[in-house]
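Asker: Quick one: sequence and predicted model below, then my questions.
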Amino acid sequence: MSNGDIFVGEVIGTAILILFGAGVVAAVVLNHSKAKDAGWVVIAFGWGFGVMAGAYTAAPLSGGHLNPAVTLGIAVDTGEWDKVPVYVAGQMAGAMLGALLCWLVYYAQFEANAEEDISQPTLGIFSTTPAIRRPVANLVTEIIATMGLVLPILAFGLTKGLGESGTAILIVSFLVVGIGMSLGGPTGYAINPARDLGPRIVHALLPIPRKTSDWGYAWVPVVGPLIGGALSGLVFNAAF
């Protein structure tokens, strides 16, 4: 795969992932959405479908990592680092593009929200916020949840035919749904630095009234998944 193919594939795939993921959160939480209060299970499946759509789209070009933690885990396992910056650049650009597209889709709802006497917080549509703000505990949650994603992804590569048939992407999509349901409660399960940081930057730049982008917490959903991805690569390399 050329650097150009990798970058374009990761931009498009990650943009689709964030469009679906941020979109389902907006659908569930914004007051004037028809899907208002649909619930956590709907959010978990929305993110899973986002992974499925984005990864299937990107796979022919880049392999469909869509996540710096996945890219890091693969690099730690294989020792191949030369493409890592291209992957991460594409993932960050795609995450920011997807967040912007989500805002455009729900523009009328964001405008209505801004006109309310007491407007809703909007950061949770774009990035994660912890249920209980304890950075060390939140960091541990993100590390463990990311290992729950990256280790299985690495292991799926050992099953002959999964990658060639495309079944691996479908399985990973349901894995993300499972992580959301089982491990997402404490922090909102970023498990992907680009998924959190890219949309957080866009949230900070968008003309959304009375907002806070919570930069004091922003390091947790970046550092935690990176540690989890690296540990996954080390464990996989040692065990398999």
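Answerer: Received it, and whenever you're ready, just let me know what you need. Note that the coordinates shown come from a computational prediction; the quantities given were computed from them, not determined experimentally. Residues are numbered from 1 along each chain as shown.
Asker: Can you name every helix or strand that the helix or strand encompassing residue 43 contacts?
Answerer: Mapping residue 43 onto the secondary structure by DSSP states H and E places it in helix 40-62. Packing partners of helix 40-62 (3 or more Cβ pairs under 8 Å, 6 or more residues apart in numbering; DSSP states H and E): helix 3-29, helix 167-183. Any C-beta I mention is one placed from the backbone N, CA and C, and that applies to glycine too.
Asker: okay, the angle between that helix and helix 3-29?
Answerer: Interaxial angle of helix 40-62 relative to helix 3-29 (axes from the mean of the first three to the mean of the last three Cα atoms, to 10 degrees): 170 degrees.
Asker: Helix 40-62 - what's its average pLDDT?
Answerer: Helix 40-62 carries an average pLDDT of 97.
Asker: Confirm for me that residue 23 is in contact with residue 49.
Answerer: No - in terms of Cβ atoms under 8 Å, residue 23 does not count as a neighbour of residue 49; the distance is 10.2 Å.
Asker: Which one of these two is surrounded by more residues?
Answerer: residue 23 (22 against 18; other Cβ atoms under 10 Å).
Asker: lowest confidence element among the helices and strands of this structure?
Answerer: Using mean pLDDT, DSSP states H and E, helix 162-165 stands out as the lowest-scoring helix or strand of the chain, at a mean of 68.
Asker: To which secondary structure element is the residue nearest the centre of the chain assigned?
Answerer: For the chain, the residue sitting closest to the mean C-alpha position, by Cα atoms, centre = their mean, is residue 195 at 3.6 Å. Following DSSP H and E, one finds residue 195 within helix 193-205.
Asker: Show me what counts as buried in that helix.
Answerer: Within helix 193-205, the residues that count as buried by 16 or more other Cβ atoms under 10 Å are 193-204.
Asker: Quick check: closest non-adjacent residue to residue 55.
Answerer: By the measure of Cβ to Cβ, 6 or more residues apart in numbering, the closest residue to residue 55 outside its immediate chain neighbours is residue 64, 3.7 Å from it.
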